[in-house]
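Engineer: Okay, structure incoming, though there's no sequence with it:
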């Protein structure tokens, strides 16, 4: 096996490792609400989420993968060292925030890491402005959209079920939450797995194994399998933060949060925008809590989460830039 092929295989393995870590780091996004409302046990919930994360491989397009792979960083500056540095920036930041239980964005860790390594190699000219503009806008817009949709869904469904007894409402929404959790997991798999697809396609293209930037079907299957496997492991520390620390959820609230998150993710994926599933569901949970009263949301916890969001891109970029520089010094590569 020649060195070039070995390098490509190692990079694909590291990309799939990131995807796996993304799955267990962001498992909380898919299962925190359905676990906290006790509609499913943790074991049942991770299997449910992992199944629909994988099923998202079939029929949901690759627009986000194309944005990540060729729409944010100039492919002319992308090398094996840049890709490896970017992935390591994302992986290290994900592991740090998983350990302390903060629901940060694996997606933004990846784009931050990728950008940090590219900047370390070629400076600001390596970034494609249009791809970054829509991504940065949606850092703010995605959680706000999730929150607004959750508020509207809460108001509409409360009005529709206003004449029902609490027991009957609870019974209905325990069933409906199975559907909303499945839809959210589909949205999560659709948007998040595509980010790894974009990186792997970039590896294959820069290595000369693709004539044009396309996403082979085996890459789609591998990315979804890796994120589904990670979801099966679960990120229980973050489940606790999202499911119980921000606000107390009932099946009705879980349904509203998951449904609004799913709507937001499918909209973003359709337009090829790599959004944060973590930001989206957190905004939705806040929206559900706020429909009761503003004091129902633990704003101190929410502030900690927002600070973690703000730090994600620069922190992962710094780790990636340092990794790239170390590789360049140790191995004399660009």
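Structural biologist: On my side now, so go ahead. If you're wondering where the values come from, they're calculated on a predicted model, not measured in any experiment. Numbers count the residues shown, from 1 in each chain.

Engineer: Buried residues in the host helix or strand of residue 262, which are they?
Structural biologist: When secondary structure is defined by DSSP states H and E, residue 262 falls within helix 251-270. By neighbour count, with 16 or more other CB atoms under 10 Å as the criterion, the buried positions of helix 251-270 are 251-266, 268-269. In this view, the C-beta of every residue, glycine as well, is placed from N, C-alpha and C.

Engineer: now for that helix, which elements pack on it?
Structural biologist: For helix 251-270, the elements it packs on are helix 27-36, helix 63-70, helix 129-160, helix 166-206, helix 277-292, judged by 3 or more CB pairs under 8 Å, 6 or more residues apart in numbering; DSSP states H and E.

Engineer: Go through these and name the closest to residue 100.
Structural biologist: Of all the helices and strands packed on helix 251-270, helix 27-36 sits nearest to residue 100, with 13.3 Å by CB to CB.

Engineer: Could you check how many residues crowd around residue 207?
Structural biologist: Applying other CB atoms under 10 Å, we find 18 residues neighbouring residue 207.

Engineer: now residue 17
Structural biologist: Look at residue 17: counted by other CB under 10 Å, it has 15 neighbours.

Engineer: Spatially nearest residue to it (excluding sequence neighbours)?
Structural biologist: residue 91 (6.8 Å; CB to CB, 6 or more residues apart in numbering).

Engineer: Same question for residue 95.
Structural biologist: Counting by CB to CB, 6+ apart, the residue nearest residue 95 is residue 21, at 6.9 Å.

Engineer: And for that neighbour, the neighbour number?
Structural biologist: Residues contacting residue 21 under the criterion other CB under 10 Å number 23.

Engineer: Pull the contacting residues for it.
Structural biologist: Contact criterion CB atoms under 8 Å, 6 or more residues apart in numbering gives 91, 94, 95, 98, 106, 230 as the residues in contact with residue 21.

Engineer: In whichever strand or helix holds it, which residues are buried?
Structural biologist: Here residue 21, judged by DSSP H and E, is contained in helix 3-25. Within helix 3-25, the residues scored as buried using 16+ other CB under 10 Å are 7-8, 11-12, 14-16, 18-25.

Engineer: what mean pLDDT does it have?
Structural biologist: Here helix 3-25 scores 90 as its mean pLDDT.

Engineer: the inter-axis angle of that helix versus helix 166-206?
Structural biologist: Following axes from the mean of the first three to the mean of the last three CA atoms, to 10 degrees, one obtains 170 degrees for the angle between helix 3-25 and helix 166-206.

Engineer: report the angle between the axes of the helix holding residue 262 and helix 166-206?
Structural biologist: Using the same axes, to 10 degrees, helix 251-270 lies at 20 degrees relative to helix 166-206.

Engineer: relative orientation of helix 251-270 and helix 277-292 in degrees?
Structural biologist: The directions of helix 251-270 and helix 277-292 differ by 140 degrees, with the same axes, to 10 degrees as the criterion.

Engineer: Please report how far residue 119 lies from residue 75.
Structural biologist: As defined by CB to CB, to the nearest Å, residue 119 lies at a distance of 15 Å from residue 75.

Engineer: Looking at these two, which has the bigger crowd around it?
Structural biologist: Neighbours were counted for residue 119 and for residue 75 using other CB under 10 Å; residue 119 has more, 20 against 14.

Engineer: TSV please, covering the helices and strands packed on helix 251-270 and showing mean neighbour count.
Structural biologist: Output for these, formatted as TSV (neighbours: other CB atoms under 10 Å):
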stretch	mean neighbour count
helix 27-36	30
helix 63-70	24
helix 129-160	18
helix 166-206	23
helix 277-292	27
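
Engineer: worst average pLDDT in those?
Structural biologist: Among the helices and strands packed on helix 251-270, helix 27-36 carries the lowest mean pLDDT (a mean of 70).

Engineer: Following element in sequence after it, please.
Structural biologist: Past helix 27-36, heading to the C-terminal end, the next element that is a helix or strand (DSSP H and E) is helix 42-55.

Engineer: what's the offset of that next one from the middle of its chain?
Structural biologist: Averaged C-alpha coordinates place helix 42-55 at 15 Å from its chain's average position (CA atoms, centre = their mean, to the nearest Å).

Engineer: ok, now stretch 275-293?
Structural biologist: Per CA atoms, centre = their mean, the centroid offset for stretch 275-293 relative to its chain is 15 Å.

Engineer: Fine by me, we can end here.
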